[in-house]
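Chemist: turn this into a model:
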Amino acid sequence: MKFDNRFFLVIIGAISLYAIFLFISDYSIISNKIINFKFEYLPIILIFVTISWLALFGRWILLLKLLKIQIPFRENMKIYFSGFALAITPGKFGEIIKSQLMKDKFNIPRTTTAPLLFVERLYDLVGAVIVSFVGISILGFGIYVIFAASIFLVIIFVLISSRNLFTTFISVFGKIKYTSRFLIPLSESYEIIRTTTRGKIIVYASLLSIMYWLIESIGVYFVITSFGFDSINYFEIVSIYSSSLILGGASLIPGGIGVTEGSLIGLLNHQGIPLATS
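Modeler: From the prediction side, this is the model:
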């Protein structure tokens, strides 16, 4: 798999954007807030974030098993987590490097494994929408974001349910330069996508996706706690965090940079956390 210079420019641009954001903000205030971070919470945060990744890896194993793809556990884990290095790409589609590694090491066709990237993003959204409903039912905010994401999910599953609809969608939107890079590779993957989004696998994969969001949100909860704030409860954080990432993903900006952070800052500030801390 080859990456042109634009791919590396995306990574450099992302780092630059974070640096600019930091220095445009009041650096002295932000640095003071960072100094107040209680580092005794750091091991707890890292533990929960890591455990949340294991839920995603478990989902990956189920998808491979469904397609009768067998890889040694240790090698499978290394390949899966290597994809995280490219999560900054739009929609995390840089993680398709996993398909190339499986082709190189085990001669598994990319046409078999590449569609799983789309399926993973689909289940990520399913889990985010479900856990965000907790925030809607308890807190009453975020309804527009979740409603739009729910409609999007319904449309996707309707398209998957019919080969004709799926093919028509690919042929129409595949002509658009920006979306063609994501959609054209899916044109010959209908059966794999359909197989991995029907029956019991929907339940198991969705549950693991929900588990991922809930566990990672515990890490976010302790991040906020480490700055001395306990005014936001766990269920509020679940909704705020997942809603922000949904908005970032919907933007199709690499890594959702700017949109995710802006949403997260705004929602935290709305819940009473000072802007500099948010």
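
Chemist: for Leu165, which three-state class applies?
Modeler: helix (DSSP: H, G, I helix; E, B strand; the rest coil).

Chemist: and it, how far is that from Met77?
Modeler: 36 Å (CB to CB, to the nearest Å). For the C-beta atoms, the positions are set from N, CA and C on the backbone; glycine is no exception.

Chemist: what residue ranges in the chain score low on pLDDT?
Modeler: 1-30, 87-94, 134-143, 145, 173-174, 176-187, 248-259 (pLDDT under 70).

Chemist: what ranges do the strands span in it?
Modeler: Using DSSP state E, no strands are found in the chain.

Chemist: wait, isn't Ser231 in contact with Gly272?
Modeler: Yes: with contact defined as CB atoms under 8 Å, Ser231 and Gly272 form a contacting pair (5.2 Å).

Chemist: how about Tyr80, what does it touch?
Modeler: Tyr80 makes contact with Phe57, Trp60, Lys98, according to CB atoms under 8 Å, 6 or more residues apart in numbering.

Chemist: from these, which would you call buried?
Modeler: Buried by 16 or more other CB atoms under 10 Å: Trp60, Lys98, out of those.

Chemist: out of the contacts of Tyr80, which is nearest to Ile35?
Modeler: Phe57 (35.1 Å; CB to CB).

Chemist: spatially, what comes nearest to that closest one if we skip its sequence neighbours?
Modeler: Tyr80 (5.5 Å; CB to CB, 6 or more residues apart in numbering).

Chemist: look up how far Met211 lies from the one you found.
Modeler: Distance from Tyr80 to Met211, by CB to CB: 16 Å.

Chemist: cool, Ala205 as well?
Modeler: In terms of CB to CB, Ala205 sits 11 Å off from Met211.

Chemist: settle it for me: which of these two has more neighbours?
Modeler: Set Ala205 next to Met211 and count neighbours by other CB atoms under 10 Å: Ala205 wins out with 25 against 19.
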